[in-house]
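Participant: Can you look at this prediction? I've put the sequence above it.
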Amino acid sequence: MKVQATTLLLYRESHNGDSGFILSKYPLEECGYITIGERSVEVDIPDDFDPRQQKIELLQKEKDRISAAFTKRCTEIQEQINRLYALDLT
């Protein structure tokens, strides 16, 4: 399947003198790219392309990150509670 898209053509030279072009939906001047201009491109998408597995993997990573942050915060709160129990107020 062929897909038409309008994108920006960007250019950047790296520190070692290599130069390169990329396509991006957004300007990236803050990353050292120079915007050459808008271009219309046509790309071939495989007929069997199915983004669900990649989306599932991204969601799983996000879930794992959030779960780890939640567990860390629960542990911090429990440590604060334990310290308060251990205080000798006499």
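Facilitator: It's in. Remember, predicted model here, so these are calculated numbers, not experimental data.
Participant: Could you tell me the per-residue confidence at Phe49?
Facilitator: According to the prediction, Phe49 has pLDDT 92.
Participant: List the contacts of it.
Facilitator: For Phe49, the contact set (C-beta atoms under 8 Å, 6 or more residues apart in numbering) comprises Met1. Backbone N, C-alpha and C define where each C-beta goes, glycine included.
Participant: Kindly recompute the last result at 10 Å.
Facilitator: Contacts for Phe49 were tallied using C-beta atoms under 10 Å, 6 or more residues apart in numbering; they are 1, 3.
Participant: from now on call the first residue 35
Facilitator: All set: I'll call the first residue 35, so the last point we hit is now Phe83.
Participant: Could you look up the SS state of it?
Facilitator: Classification of Phe83 by DSSP: H, G, I helix; E, B strand; the rest coil places it in coil.
Participant: Same check on Ile70?
Facilitator: With three-state DSSP as the basis, the three-state label of Ile70 is strand.
Participant: I figured it hits Leu62, correct?
Facilitator: No - counting by C-beta atoms under 10 Å, Ile70 stays clear of Leu62, with 11.9 Å between them.
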